[in-house]
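**Student:** build the 3D model from these lines:
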Amino acid sequence: MKRPLFAVSGLILAMSIFTSQAQAQVKWDLASAYPTSNFHSENLIQFANDVDKSTGGKLKITVHANASLFKATEIKRAVQGGQAQAGEIIEANYQNEWQIYGADGLPFLADSYEESAKLQAAQKPLIEKKLAEQGMLYLYSTPWPPQGLFSKKPITSASDLKGIKWRAYSPATARIADLVNAQPVTVQAAELSQALATGVVEATMTSSATGVDSKLFEHLKYYYDLQAWLPKNLVIVNKKSFDSLDKSSQDALLKAAASAEARGLAASKRVNQEAKDKLKANGIQIMPPSPQLTADMKKVGDTMLKEWLEKAGPDGKTLLDTYRR
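**Tutor:** From the prediction side, this is the model:
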């Protein structure tokens, strides 16, 4: 029995509406380890809003900040396995997995925003290839402000760090502790405040921004502006999830990522000074490192670079040659 023409038309219309609604209901989770007030998180939220707007609501990304969905060290694996469609990781955390990830955590290799950008340009093709092999896609990266040294007591040379309880958040920061004879304690950003309050940590090398986020001024007294390196956060996406999007949504996602990268760099530069001002206003003594401390830490950096090159092999040599070219 033939259906009336209007019934067939109605069915087609209903199917069209259903398809449109299904497209509008694509929802992603993006896992992050930093507080919502952190400039990285604010940038992620703006990125998600841009994607929502430019796709007409077809792709909605929910940002889960402050390690509320996965801990910092779990995020990459979660994205790779599809438990979260996207995530933000700090590259240096994954040095033990693959040495190239740790290049931007080497002290004094790239110690300014300009040098950091050059290093990332050299890292990017290698990291994109590695992520592709693991079923992921590189979206954008954002540098942290330059890393300095926070401490409870005055530090004039590396010898003053002997035996101190040192917060390590990456293989590189743990190795620094070894080289200056400190006691490394693995503590991620979301747990830092508690570690300080309980005396688990007495010193750390981190950015001015993390110093504000974790209210280091409540427990520590000194900040030495070493500007030792600029670790970068990387936003990654599960490749299958990306491939499942229609072309216009993919294009919108990549365009929003490019905008987020430029916006994140500008925010990092601005936040660096703002954060130092806040630290000072809350009682932290912000000081230039002594010539001896600088010399000691650069010696640590030289040792770590040599060790890194031995472990990184041909990829490491290619990266370093490209960076220094």
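**Student:** from now on I want contacts and neighbour counts done on CA atoms only, so please keep to that.
**Tutor:** Will do.
**Student:** what packs against the helix or strand hosting residue 298?
**Tutor:** Using DSSP states H and E, the element containing residue 298 is helix 291-324. Applying 3 or more Cα pairs under 8 Å, 6 or more residues apart in numbering; DSSP states H and E, we find helix 291-324 packed against helix 113-133, helix 171-179.
**Student:** so which residues make contact with the shortest one?
**Tutor:** Meaning helix 171-179. 92-96, 102, 105-106, 166-168, 183-186, 205, 300, 304 (Cα atoms under 8 Å, 6 or more residues apart in numbering).
**Student:** which of these are buried?
**Tutor:** Neighbour counting by 16 or more other Cα atoms under 10 Å classes 92-95, 102, 105-106, 166-168, 183-186, 205, 300, 304 among those as buried.
**Student:** just the strands from the stretch 51-200 of the chain, written as ranges.
**Tutor:** Chain-ordered strands for the stretch 51-200 of the chain, with DSSP state E, counting those that start in this stretch as the definition, fall at 59-64, 86-90, 136-143, 147-151, 165-168, 183-186.
**Student:** next one: the stretch 201-325 of the chain
**Tutor:** Residue ranges of the strands in the stretch 201-325 of the chain, as given by DSSP E, counting those that start in this stretch, are 203-207, 222-224, 232-238, 285-287.
**Student:** direction included, what does the third one pair against?
**Tutor:** It stands for strand 232-238. strand 86-90 (antiparallel), strand 136-143 (antiparallel) (DSSP bridges).
**Student:** out of the helices and strands packed on helix 291-324, which is closest to residue 243?
**Tutor:** helix 113-133 (12.3 Å; Cα to Cα).
**Student:** list the contacts of the closest one.
**Tutor:** Helix 113-133 is contacted from outside by 100-101, 104, 110, 137-138, 143, 229-230, 239, 315, 319-320, 322-323, using Cα under 8 Å, 6+ apart.
**Student:** in it, which residues are buried?
**Tutor:** Residues of helix 113-133 classed as buried by neighbour count (16+ other Cα under 10 Å): 113, 115-120, 122-124, 126-128, 130-131.
**Student:** centre of the chain to it, how far?
**Tutor:** Chain-centre distance of helix 113-133: 13 Å, with Cα atoms, centre = their mean, to the nearest Å.
**Student:** include mean pLDDT when you put the strands of the stretch 51-200 of the chain into CSV, please.
**Tutor:** Formatted as CSV, the strands of the stretch 51-200 of the chain follow (pLDDT from 0 to 100):
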stretch, mean pLDDT
strand 59-64, 98
strand 86-90, 97
strand 136-143, 98
strand 147-151, 97
strand 165-168, 95
strand 183-186, 94
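**Student:** so which of the strands paired with strand 232-238 gets nearest residue 32?
**Tutor:** Relative to residue 32, the nearest member of the strands paired with strand 232-238 by Cα to Cα is strand 86-90, separated by 5.1 Å.
**Student:** the closest one: how far from the chain's middle?
**Tutor:** The chain centre lies 6 Å from the centre of strand 86-90; the measure is Cα atoms, centre = their mean.
**Student:** so it versus strand 59-64, what angle?
**Tutor:** For strand 86-90 against strand 59-64, the angle by axes from the mean of the first three to the mean of the last three Cα atoms, to 10 degrees is 40 degrees.
**Student:** what's strand 86-90 in contact with?
**Tutor:** 28-33, 72, 75-76, 79, 231-238.
**Student:** could you give me the PyMOL syntax to select whichever of these are buried?
**Tutor:** Below is the selection syntax for PyMOL that covers the buried ones among these, with 16+ other Cα under 10 Å defining burial:
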select buried, resi 28+29+30+31+32+33+72+75+76+79+231+232+233+234+235+236+237+238
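**Student:** who wins for proximity to residue 256 among the strands of the stretch 51-200 of the chain?
**Tutor:** If you check each of the strands of the stretch 51-200 of the chain against residue 256 by Cα to Cα, strand 136-143 wins as the nearest, at 9.3 Å.
**Student:** check the gap between residue 68 and residue 47 for me.
**Tutor:** Applying Cα to Cα, to the nearest Å, the value for residue 68 to residue 47 is 19 Å.
**Student:** and these two? Which one has more around it.
**Tutor:** More neighbours surround residue 47 than the other of residue 68 and residue 47, with 23 against 15 (other Cα atoms under 10 Å).
**Student:** can you give me the pLDDT of that one?
**Tutor:** At residue 47, the pLDDT value in this model is 98.
**Student:** what do you get for residue 131?
**Tutor:** pLDDT, residue 131: 98.
**Student:** do the same with residue 20
**Tutor:** Each residue has a pLDDT score; the one for residue 20 is 51.
**Student:** and residue 8, by the same measure?
**Tutor:** The predicted local confidence for residue 8 is 50.
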